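>>> task: produce atomic coordinates for the following.
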Amino acid sequence: MRGVHAYAGEDGGSLAAGAALLSAGRRRRGGSATVAAAALLAATAVCALCALTAPGAWAAIAALPDGRTLSYQPLRGSGGIAPLDAFFSNLDYNGGPVMASNTNYAVYWSPSGASAYPVGYQPGVNQYFEDLAHDSGGHENVDSVATQYNDAAGDFAAYTSHFAGALIDTDPYPADGCSAAAICLTDKQLRTELTAYVRAHGLPIDLSHQYFLLTPPGVEDCFQGGGRECSAGSTKPTYCAYHGNISLPEGELVYSNDPYVTGNERCDDGNHPNGQPSDGALEGGLSHEHNESMTDPVPNIAWTDIGGSGGENGDKCRAFNEATEFGTPLGTASNGAKYNQVINGDLYWYQQEWSNQGNRCLQRFTFSGEEPTASFRSTPGSGTEVAFDATGSTAPGGVSRYNWQFNDGAGGLSNPVETTVPTVNHTFPAASFYVVALTVFASDGTSIGTARAVAAGTPPPPTVTKVTPAKGPSSGGAFVTISGSNFIGATSVRFGSTAVSFTVKSSSSVTAVTSESASGIVDVTVTTPAGTSAISLADHYKFSNPTIAGLTPASGPAAGGTGVAVTGSGFALGAGSTKFKFGGVLASGVECSSHTSCTAVAPPHKAGTFEVKATVNALSSAKDPPADQFTYQ
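This next block holds a predicted model:
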């Protein structure tokens, strides 16, 4: 599952349960989350993307027929909201990951015959990313505002920016998927193309890389084929740009869709300090989506204002008035245009971003004062009631507000509960594991978040109903999707007896990466604190036949007795579990120290060159000369 957040125009490991304690820890820039914390964040990332029922969100939620959830900023005048976070109307933490660093790619989808990008557009966008990278770690542009937001793994949305380069995609556009423009593509078509391009070129897919898809003038797009919510240049204008994630077995592909909006007054006010069409792209959504991805890469499950005035950090400053949206200009460029950002000596004009500290929109940010800490204990009550106690949390001058996200709505996120005291009781809708997030606020809005999996009642053990694909190489490294139920809080995934790395995508989906294994069929099991999935035919995974990659030495006397080192894959560990035949004659003394390395004693055989065959669990290696050939002399 996935989410999308749009930028509108003016018109439009081991997860502890029970009473365990998890602290947000100290400020950390970069680094890697633990396996347990990463699994927790990934679990939140998907379960919270389902049907959001919070009534107050300004960033509108669209539940599409295919089950996906899109989050976008509605047109001006689209109605009021019911504030819940009334004290601050700040961003709250919902339990998901932030981007601890960001390596950016500009992807220009420009097949032969497509309209050209205006002169200066591509170089200007590329220069912007290069400038961000040059000033990385500083405090003089809006990227610095994001650095105050953390996640449960202990990472912060650090201003650690890199530009990996411009990518030119020359694949032809598919047939129109919508009808709101002469060339009209749906979000599904954009995702399909971007996924194919990234995979074909072996590019990274994770939460530290983002792909900005920029199409030329005349190419518009819509969320879906019906074409009711489309890009600004279409006949159904709703948004200028949007960001989202594509949940793939190998990781989350973070992307932003940035159609051409320069000159469209609903997205671009025409103030271009560089005098280039790229200025309109930056103001018209690219910077907005970049910053929202840093703090909420899987939309609406990290830092977002679910209960208050709504939206992510960019939305809250997209106010359609210059003072709030852009702040005070820093000066005037040589062409008379205003600018509010100076990055690597270049001048820019684009919106501010929301700062919890100080409760306002800012052009730049330097953290001041002491940072709060967030931690909580949970104690089971009657039925599915749980008592929470955040007494261990701290803030300068004392904690002003505790914001609780229980993630137990119809499909994930729920209305947050805000308290002035550290204790709260909550009754969950069913016995299960839930990712509970806590945001702690100081009196000036300075915040910190934490989250962990909590058991409500007596959760049922997990079940595995499908493994996709159901077979793969015995050399390992395959991405496998495990379907079933009750996966939240998973502590281990095993293929047979071998524990593998995994990510909990949702209560019903886990992705795992296979390790080297002996050839044959194994049961795939998932373990949570509630138990381990029962073995069934549905959990079978078949590791491919063994292979022989080399024999050392590859020759010996016909009398036999030569000790031979065999390399390959799919070998069973120990003595006797793997059998080798030299020209049809069984070898002796077989000992396998790993799934890729064995030793055997060549049997007597007549002179000549013969195939060596490995057999494990009734599966035999295929002929692969000359690697599997042994010569008797």
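
>>> need the contact list for the residue lying closest to Gln352 once chain neighbours are set aside.
In space, and not counting its chain neighbours, Gln352 is closest to Cys361: 4.0 Å by C-beta to C-beta, 6 or more residues apart in numbering. (Glycine included, C-beta is placed from N, CA and C.) Neighbouring residues of Cys361 by C-beta atoms under 8 Å, 6 or more residues apart in numbering: 316-317, 319, 324-325, 327, 351-355.

>>> and the one residue sitting closest to the centre of the chain, what are its bridge partners?
Nearest to the mean C-alpha position of the chain, by C-alpha atoms, centre = their mean, lies Glu252 at 3.3 Å. Following DSSP bridges, Glu252 is listed with bridge partners Ser247.

>>> against Gly275, how distant is Gly336?
According to C-beta to C-beta, to the nearest Å, Gly336 stands 10 Å off from Gly275.

>>> okay, these two: which has more neighbours?
Gly275 (14 against 9; other C-beta atoms under 10 Å).

>>> sorry, back to before: quick one: least confident of the contacts of Cys361?
Within the contacts of Cys361, pLDDT reaches its minimum at Ala319, with 80.

>>> helix/strand/coil for that one?
coil (DSSP: H, G, I helix; E, B strand; the rest coil).

>>> what sits closest to it if chain neighbours are left out?
Once flanking residues are discounted, Ala319 sits nearest to Glu325: 4.8 Å by C-beta to C-beta, 6+ apart.

>>> and that neighbour, how many neighbours does it have?
When neighbours are counted by other C-beta under 10 Å, Glu325 comes out with 17.

>>> and it, what are its phi and psi?
phi -80, psi -40 (degrees, to the nearest 10).

>>> so who does it touch?
With C-beta under 8 Å, 6+ apart, Glu325 has these contacts: 317-319, 351-352, 361.

>>> what do you get for Ser293?
By C-beta under 8 Å, 6+ apart, the neighbours of Ser293 are 99, 102, 210, 243, 254, 256.

>>> quick one: least confident of the residues you listed?
Lowest pLDDT among those: His243, with 93.

>>> export the helix or strand harbouring that residue as CSV, just CAs?
If you go by DSSP states H and E, His243 is part of strand 241-248. Extracted as CSV, the C-alpha positions of strand 241-248 are listed here (Å, rounded to 0.1, in the frame of the first residue of the first chain):
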residue,chain,number,x,y,z
ALA,A,241,2.7,18.6,-7.3
TYR,A,242,2.6,15.7,-4.9
HIS,A,243,4.8,13.3,-3.1
GLY,A,244,4.4,9.7,-2.1
ASN,A,245,6.0,6.3,-1.7
ILE,A,246,5.8,3.1,-3.6
SER,A,247,6.1,0.1,-1.3
LEU,A,248,8.2,-2.5,-3.0
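
>>> just for this protein, where's the confidence low?
1-88, 307-309 (pLDDT under 70).

>>> now, which of the contacts of Ser293 sits nearest Ser89?
His243 (22.0 Å; C-beta to C-beta).

>>> quickly note the distance from the closest one to Gly584.
From His243 to Gly584 the distance is 61 Å (C-beta to C-beta).

>>> repeat for Gly560
From Gly560 over to Gly584 the distance is 14 Å, taken as C-beta to C-beta.

>>> quick one on the thing from earlier: only the buried subset of the contacts of Cys361, as a ChimeraX command please.
Per 16 or more other C-beta atoms under 10 Å, the buried members of these correspond to this ChimeraX selection:
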select :316,317,325,327,351,352,353,354,355
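
>>> and the contacts of Cys361 as a markdown table, adding secondary structure and distance to Gly568?
Shown next, in a markdown table, are those (DSSP: H, G, I helix; E, B strand; the rest coil; distance: C-beta to C-beta, whole Å):
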| residue | secondary structure | distance to Gly568 |
| --- | --- | --- |
| Lys316 | helix | 58 |
| Cys317 | helix | 59 |
| Ala319 | coil | 64 |
| Thr324 | helix | 65 |
| Glu325 | helix | 63 |
| Gly327 | coil | 64 |
| Gln351 | coil | 58 |
| Gln352 | coil | 59 |
| Glu353 | strand | 54 |
| Trp354 | strand | 57 |
| Ser355 | strand | 58 |
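
>>> can I assume Val198 sits in a strand?
No: counting by three-state DSSP, Val198 is not found in a strand; it is helix.

>>> what about Gln224, which SS state?
coil.

>>> is it in contact with Cys184, as I believe?
No: judged on C-beta atoms under 8 Å, Gln224 makes no contact with Cys184 at a distance of 11.2 Å.

>>> what sits in contact with each of these two?
With C-beta under 8 Å, 6+ apart as the test, Gln224 and Cys184 both reach Cys178.

>>> which one's more surrounded, those two?
Higher neighbour count among Gln224 and Cys184: Cys184, with 23 against 19, using other C-beta under 10 Å.

>>> tell me the domain boundaries of this structure?
Structural domains assigned to the chain are 3-9+96-362, 463-543, 547-632, following automatic domain parsing.

>>> would you turn those domains into TSV with distance to Gly412?
Converted to TSV, these look like this (distance: least, C-beta to C-beta, whole Å):
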stretch	distance to Gly412
domain 3-9+96-362	8
domain 463-543	9
domain 547-632	39
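
>>> just name the most buried of the ones you listed.
Among the domains of the chain, domain 3-9+96-362 has the highest mean neighbour count (mean count of other C-beta atoms under 10 Å), at a mean of 21.

>>> centre of the chain to the strand holding His243, how far?
9 Å (C-alpha atoms, centre = their mean, to the nearest Å).

>>> stretch 436-455 now?
21 Å.

>>> distance between the ends of that stretch?
Taking C-alpha to C-alpha, to the nearest Å, the first and last residues of stretch 436-455 lie 10 Å apart.

>>> tell me which residues of it come out buried.
436-442, 444-455.

>>> so when I look at Ser144, I'm seeing a strand, right?
No: Ser144: not assigned to a strand; according to three-state DSSP it is helix.

>>> that one reaches Phe365, doesn't it?
Yes: assessed by C-beta under 8 Å, Ser144 is found in contact with Phe365 at 4.6 Å.

>>> which neighbours do these two have in common?
Shared contacts of Ser144 and Phe365, defined by C-beta under 8 Å, 6+ apart, are absent.

>>> helices of the stretch 301-450 of the chain, start to end?
322-325 (DSSP state H, counting those that start in this stretch).

>>> in it, which spans are strands?
303-304, 331-332, 338-339, 341-343, 346-348, 353-355, 360-362, 375-380, 385-389, 401-405, 417-419, 423-427, 432-441, 447-456 (DSSP state E, counting those that start in this stretch).

>>> what does the stretch 51-200 of the chain give?
60-63, 69-72, 92-93, 102-109, 161-169, 183-186.

>>> for Ala175, which of these is the nearest?
When the strands of the stretch 51-200 of the chain are compared (using C-beta to C-beta), the closest one is strand 183-186, at 9.5 Å.

>>> packing partners for the closest one?
Other elements packing on strand 183-186 under the criterion 3 or more C-beta pairs under 8 Å, 6 or more residues apart in numbering; DSSP states H and E are strand 219-222.

>>> now the strand it packs on, how far from the chain's geometric center?
24 Å.

>>> how about stretch 323-343?
Relative to its parent chain, stretch 323-343 has a centroid offset of 34 Å by C-alpha atoms, centre = their mean.

>>> for the strands of the stretch 301-450 of the chain, which one sits closest to Phe163?
strand 341-343 (12.1 Å).

>>> who touches that closest one?
So strand 341-343 is contacted by 128, 131-132, 134-135, 140-142, 330, 347-350, 363 (C-beta under 8 Å, 6+ apart).
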